[in-house]
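Peer 1: Have a look; sequence and predicted model below, questions after that.
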Amino acid sequence: MAFRLLMTGDLHLGRASSRLPEHLKQEARASTVWARIVELALAEKVSAVLLSGDVADESNRFWEAIGPLEAGVNRLAGAGIPVLAVAGNHDHAVLGRLADQLPREKFALLGRGGTWERFTLLSEGRAWLHVDGWSFPQAIVRASPLESYALPADPAVPTLGLVHGDLGVATTTYAPLDLVVLQSLPVQAWVLGHIHAPRLTESSGRPWVLM
């Protein structure tokens, strides 16, 4: 079986860049970018959309973020594309409120309360991917989420880890993540959020890690 995923994060819905010329600000608004992501997912007929946290920009911007986010999730659900997400330090409250409003088959927020949780994607009743996720329970998290990862390995189905955190910064207050530990766990791939720059780390025989 072949499947396609669209993976993104750190959209910060509710925020707009103040450093752009006026005629570019609307095009660069987070809500506009999210709408383009939804269109891409539909055009590419992906199997699922994965969001690695900080999708929205803090609870005081809830009403700015929730409308576009919910509209996009509903469009994707109409095409049979589920959205799986974890919460970051900015949207730990916002995404929980959205998850309470939507059916889990449309929008699944994984790992609420800082507890690892598995969501299994199915096709015609057959499991094809486990997504193991952890969400920020509050804005500041000093301990590594990896210390509590204990979900069972499944040799029959690949597993992808989804988490928001500060990669390679041991003293951060934003969920420190260690690359060596990430690649030692029984997961085939990791998708991370928090750092606003894409980076792929690949090592022979070890899980790849995509920021």
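Peer 2: Thanks, I have the structure now.

Peer 1: just checking, P82 touches L76?
Peer 2: Yes. In terms of Cβ atoms under 8 Å, P82 counts as a neighbour of L76; the distance is 7.5 Å. All C-beta spots, glycine's among them, are computed from the backbone N, C-alpha and C.

Peer 1: Find residues that contact each of those two.
Peer 2: Common contacts of P82 and L76 (Cβ atoms under 8 Å, 6 or more residues apart in numbering): V49, K106.

Peer 1: just checking, next helix/strand downstream of the lowest-mean-pLDDT helix or strand in the chain?
Peer 2: Lowest by mean pLDDT, DSSP states H and E among the helices and strands of the chain is helix 22-28, with a mean of 66. Sequence order places helix 30-44 as the next helix or strand after helix 22-28, per DSSP states H and E.

Peer 1: Off-centre distance for that next one?
Peer 2: Helix 30-44 sits 15 Å away from the centroid of its parent chain (Cα atoms, centre = their mean, to the nearest Å).

Peer 1: all helices for this protein, in order.
Peer 2: 22-28, 30-44, 62-78, 94-101, 179-182 (DSSP state H).

Peer 1: So which bits of the strand ranked longest in the chain are buried?
Peer 2: Criterion DSSP state E: the longest strand present in the chain is strand 126-134. Buried residues in strand 126-134, defined by neighbour count with 16 or more other Cβ atoms under 10 Å: L129, H130, V131, D132, G133, W134.

Peer 1: What residues are bridge-paired with the first one?
Peer 2: Put plainly, it is L129. Beta bridges link L129 to L121 when assigned by DSSP bridges.

Peer 1: Let me know whether it touches R4 as I believe.
Peer 2: No. With contacts counted by Cβ under 8 Å, L129 stays clear of R4, the gap being 11.3 Å.

Peer 1: where does the protein dip in pLDDT?
Peer 2: 1, 16-18, 20, 22-28, 59-63 (pLDDT under 70).

Peer 1: give me that answer again for 90
Peer 2: Where the chain drops to pLDDT under 90, the residues are 1-2, 12-32, 56-68, 93-94, 97-98, 101, 196-197, 203-205.

Peer 1: how close does P176 get to G161?
Peer 2: Distance, P176 to G161, using Cβ to Cβ, to the nearest Å: 15 Å.

Peer 1: residues in contact with T8?
Peer 2: I37, V49, L50, L51, S52.

Peer 1: In the sheet, which residues pair with it? Tell me.
Peer 2: Bridge pairing for T8 - DSSP bridges - gives L51.

Peer 1: quick one: contacts of stretch 171-182?
Peer 2: Counting by Cβ under 8 Å, 6+ apart, 89, 136, 140-146, 161, 163-170, 190, 192, 194, 201, 207, 209 sit against stretch 171-182.
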